[in-house]
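A.B. asks: Pasting the sequence and the predicted model now:
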Amino acid sequence: MADVAIKASGIVKWFGQGEARTQALRDVSLEAYLGEMLYIVGPSGSGKTTLLSVLSGILRPDSGSVSVEGADIWNLGSDKLADFRLHKIGFVFQDYHLFPRLTTAENVAVPLILKRTDWSDAIVEAKKYLDIVGLKGRADLPPVKLSGGEQQRVAIARAIVGQPDILIMDEPTASLDGDTGHAVVGFVKNNILNEKRCILIVTHDARINEFATRILKMEDGRLTGFEKGGTE
Amino acid sequence: MRGILKLAYKLLVNDKAKFTALLVGITFAVFLMIAMTSLFAGVLKRASATVINLGASMWIMDPSVQTVANTIGMPDYVLDAARSIQGVNYAVPVYSGGALVKLADGGYQSVTVVGLDDTSLFGRPQLMQGKIEDIYGENAFIVVKDPEFSKLGNPSVGTEFELNEHRGVIVGIAQVASSGLFGVPTLYTTYERALQYIPNPRFTISYVLVKPKSPADVPNIKREVQALGYLALTEDEFMGKISDFYMFQTGLGMNLLIMTVMSFIVGLSISGQTFYTFVLENLEKFGALKAMGAKSHELILMILFQASFTALTGYGLGIGLCALTIALAKLRLPDYAAMITYWNLGLAFVMVVIIAAVSSYFGVRKVLRIEPFDIFRG
């Protein structure tokens, strides 16, 4: 059995107040393991993104705990929590959120800059990761000069340049055509995933299901079972 | 930390349109603020030109005097009394008044005539041509070569003119530290000749110029002069009194203050709004940085750096532009009175800091409120 990367227990999250108050997560518990690519799937509004945010230390749950390496991240202060995200988590946002005014290499270097790496060292390292994601020679271009699939790869390079244990990908194929989306996730599976890393993906896209180690179904704020791998 | 600042710098300057708009706003505001205040500083300095040029440590005058130009004659006993005050090294009279000069071409020109003490010639200007002792010659005058010099037809040594139907002759050409405010040429002569040439009321001494034996004697001299019913001021106090008059008893100070405040508001509006828009446009990116692990104080630092960098760059450009404009203006208009002082620069700097602080305050508030979760939710 692989080591546990993230363990969530009894996560509850409410949004809004009064009559508009809705429960986004209802007593969610799960474990994600190093070396696996875990998908969370479900209809819109089922709580997938909320769960991902709670697991990655972005959104504080109303109750429950999230443990990484045995420590509850929600017991950390705000600066420690930011450090946790910086050192342990890599994010690939749905819209990439690349900086249009920076070069591709500078975009990839951002997590290293936040870790106080010297600028020129960070750029050198960023270029290595651009090579890894197949964007050699694109380092000095602004992201807007790249195709959607290439921008997605830049976002992936940025997410992994700090060598995080956990990679969070939110709808990684939403802005890509079917073939490109398939290729990008396949690339992640074959080149980014390793036995020391866990990749959590929220997706609607069933065409990439073949790459998942396990697929967790969510509905109405609850985990309703496994679509692939695991047991009910 | 330098990497984060470089990141902030690149995010700012690589957005060329916004950065240019920000710089234009601040540069324009600084230019206007310094132009207004330097004009005021120049006017104030010129208003005190006679005080600066004569260089006396203390001035005795009628208490009603408001500026050096509006003299009120004092009786001779004031001079005698001043000389007898303990702590006075020496005291001399000076005459300052206006007159009309008839030029060789038949035209008339207003002048300021300064009559120096015949014995000491205290306050004499620095001569560029001629000898100072020639001032004792018949009908002798020394003309100051300042921007108004040409109004006397660019006279040379030996040039003759009429002053109140008295013959006058230029025996020297001099330079002084500061030109006058009112755009008229200045002639120096002896005190006695000034009284002969210019019709005067009963009391003729415009000011008594005093040299105290030491700075410690100044309070006593002031007291003794006050006991006579007159006023003794140090050079700085007299210039301060003149400044106060122009600042508070004419419309000049208030008008320039209003213009300066308007410049500040324009700068604040343009820069504040543009910077806020810049932050709003980058809000998602700041949220993404927060999600990735940037701490709040690092984001605040980035915004403060961006605002400060823009403000200081605009400040420098504004000063440069203003200095250039003043230099060009002085080429065409030698009388142009603007003068950039440390005070102007300090005031503009404080205002620019306020612009940067207000601009960044709203940006910081917005960035601190953005939740990384909002980035996930899109």
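C.D. replies: Right, received. Where do you want to start?

A.B. asks: and the residue of chain A at minimum distance from chain B, how many neighbours does it have?
C.D. replies: Closest residue of chain A to chain B, CB to the nearest CB: residue A:86 (2.6 Å). For every residue, glycine as well, the C-beta is placed using N, CA and C. Each residue near residue A:86 was counted by other CB atoms under 10 Å in any protein chain shown, and the total is 20.

A.B. asks: Hmm, it is touching residue B:293, no?
C.D. replies: Yes. Counting by CB atoms under 8 Å, residue A:86 touches residue B:293, with 2.6 Å between them.

A.B. asks: Show me the contact partners of the helix or strand in which the residue of chain A closest to chain B is found.
C.D. replies: In this structure, residue A:86 sits in helix A:78-88 according to DSSP states H and E. By CB atoms under 8 Å, 6 or more residues apart in numbering or on different chains, the list of residues contacting helix A:78-88 from outside reads A:56-58, A:68, A:73-74, A:76, A:91, A:111, A:114-115, A:162, A:164-166, B:290-296.

A.B. asks: Show the subsequent helix or strand relative to that helix.
C.D. replies: Where DSSP H and E defines the elements, the next helix or strand beyond helix A:78-88 is strand A:89-92.

A.B. asks: Tell me if whichever helix or strand comes after that next one is near chain B.
C.D. replies: Sequence-wise, the next helix or strand downstream of strand A:89-92 (DSSP H and E) is helix A:104-114. Yes. Applying CB under 8 Å from any CB of the partner chain, one finds helix A:104-114 touching chain B at A:106, A:110-111, A:113-114.

A.B. asks: got the residue ranges for the strands in chain A?
C.D. replies: Applying DSSP state E to chain A gives strands spanning A:4-15, A:22-33, A:37-41, A:63-68, A:71-72, A:89-92, A:166-170, A:198-203, A:214-219, A:222-228.

A.B. asks: What residues does chain A have near chain B?
C.D. replies: Residues of chain A found near chain B (CB under 8 Å from any CB) are A:49-50, A:52-53, A:56, A:58-59, A:78-79, A:82-87, A:89, A:91, A:93-95, A:97, A:99, A:101-102, A:106, A:110-111, A:113-114, A:116-119, A:122, A:170.

A.B. asks: need the strands for the stretch 1-150 of chain B, in chain order.
C.D. replies: For the stretch 1-150 of chain B, the strands defined by DSSP state E, counting those that start in this stretch occupy B:58-61, B:88-102, B:108-116, B:126-130, B:140-144.

A.B. asks: With mean pLDDT and mean neighbour count added, can I get those strands in CSV?
C.D. replies: Formatted as CSV, those follow (pLDDT from 0 to 100; neighbours: other CB atoms under 10 Å in any protein chain shown):
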stretch, mean pLDDT, mean neighbour count
strand B:58-61, 96, 25
strand B:88-102, 93, 19
strand B:108-116, 93, 20
strand B:126-130, 92, 15
strand B:140-144, 94, 25
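
A.B. asks: Tell me which residues are up against the helix or strand harbouring residue B:246.
C.D. replies: For residue B:246, the host element (DSSP H and E) is helix B:235-248. With contacts defined as CB under 8 Å, 6+ apart, helix B:235-248 is touched by B:43-44, B:47-48, B:51-52, B:55-59, B:61, B:66-68, B:233, B:252-253.

A.B. asks: got it, and stretch B:195-208?
C.D. replies: Identification of contacts with stretch B:195-208 by CB under 8 Å, 6+ apart yields B:56, B:59-61, B:71, B:73-76, B:78-79, B:82, B:91-97, B:99, B:113, B:115, B:163-164, B:166, B:168, B:189.

A.B. asks: Listing request: residues of the chain with sub-threshold pLDDT.
C.D. replies: Since you didn't name a chain, this refers to chain A. For chain A, the stretches with pLDDT under 70 are A:1, A:230-232.

A.B. asks: The intended chain is chain B.
C.D. replies: Counting by pLDDT under 70, chain B has low-confidence residues at B:1, B:376-378.

A.B. asks: centroid residue for it?
C.D. replies: residue B:41 (1.9 Å; CA atoms, centre = their mean).

A.B. asks: contacting residues for it?
C.D. replies: Counted by CB under 8 Å, 6+ apart, residue B:41 has contacts B:338-341, B:343-344.

A.B. asks: Okay, and which of these map to helices?
C.D. replies: Among the contacts of residue B:41, the members falling in helices (DSSP state H) are B:343-344.

A.B. asks: Narrow the contacts of residue B:41 to just the buried residues.
C.D. replies: Burial by neighbour count, 16 or more other CB atoms under 10 Å in any protein chain shown: within the contacts of residue B:41 this picks out B:338-341, B:344.

A.B. asks: still on that earlier bit, any chance of the strands of the stretch 1-150 of chain B in a markdown table, with distance to residue A:229 too?
C.D. replies: Listed next are the strands of the stretch 1-150 of chain B as a markdown table, based on distance: least, CB to CB, whole Å:
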| stretch | distance to residue A:229 |
| --- | --- |
| strand B:58-61 | 98 |
| strand B:88-102 | 102 |
| strand B:108-116 | 101 |
| strand B:126-130 | 98 |
| strand B:140-144 | 99 |
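
A.B. asks: Tabulate those (a markdown table), appending distance to chain A.
C.D. replies: Shown next, in a markdown table, are the strands of the stretch 1-150 of chain B (distance: least, CB to the nearest CB, whole Å):
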| stretch | distance to chain A |
| --- | --- |
| strand B:58-61 | 62 |
| strand B:88-102 | 64 |
| strand B:108-116 | 61 |
| strand B:126-130 | 58 |
| strand B:140-144 | 58 |
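
A.B. asks: closest one to residue B:20 among those?
C.D. replies: strand B:140-144 (46.7 Å; CB to CB).

A.B. asks: For residue B:119, what are phi and psi?
C.D. replies: phi -80, psi -50 (degrees, to the nearest 10).

A.B. asks: ok, it - how many residues close by?
C.D. replies: The criterion is other CB under 10 Å. On that basis, residue B:119 has 11 neighbouring residues.

A.B. asks: Pretty sure residue B:255 sits in a strand.
C.D. replies: No. Looking at residue B:255 with DSSP: H, G, I helix; E, B strand; the rest coil, it is helix, so not inside a strand.

A.B. asks: Which residue is the nearest non-sequential neighbour of residue 153?
C.D. replies: All of this is about chain A. Using CB to CB, 6 or more residues apart in numbering or on different chains and skipping residues adjacent in sequence, the residue nearest residue A:153 is residue A:133, 4.1 Å away.

A.B. asks: look at chain B instead
C.D. replies: Using CB to CB, 6+ apart and skipping residues adjacent in sequence, the residue nearest residue B:153 is residue B:103, 5.4 Å away.

A.B. asks: distance of that neighbour from chain A?
C.D. replies: As judged by CB to the nearest CB, to the nearest Å, residue B:103 and chain A stand 67 Å apart.

A.B. asks: who touches that residue in this structure?
C.D. replies: Residues near residue B:103 by CB under 8 Å, 6+ apart: B:109, B:152-153, B:161.

A.B. asks: Please pick the buried ones from those.
C.D. replies: Applying 16+ other CB under 10 Å to these flags B:109, B:152, B:161 as buried.

A.B. asks: quick one: the second one and residue B:100 touch, right?
C.D. replies: Read that as residue B:152. No. Contact criterion CB under 8 Å: residue B:152 and residue B:100 do not qualify, at 11.8 Å.

A.B. asks: Quickly list what's touching both of these two.
C.D. replies: Counting by CB under 8 Å, 6+ apart, the residues touching both residue B:152 and residue B:100 are B:109, B:111.

A.B. asks: In the stretch 201-350 of chain B, what residue comes closest to chain A?
C.D. replies: Relative to chain A, the nearest point of the stretch 201-350 of chain B is residue B:293 (2.6 Å; CB to the nearest CB).

A.B. asks: Can you pull up the residues of the stretch 151-300 of chain B that come close to chain A?
C.D. replies: Within reach of chain A by CB under 8 Å from any CB, the stretch 151-300 of chain B has these residues: B:284-285, B:287-296, B:298.
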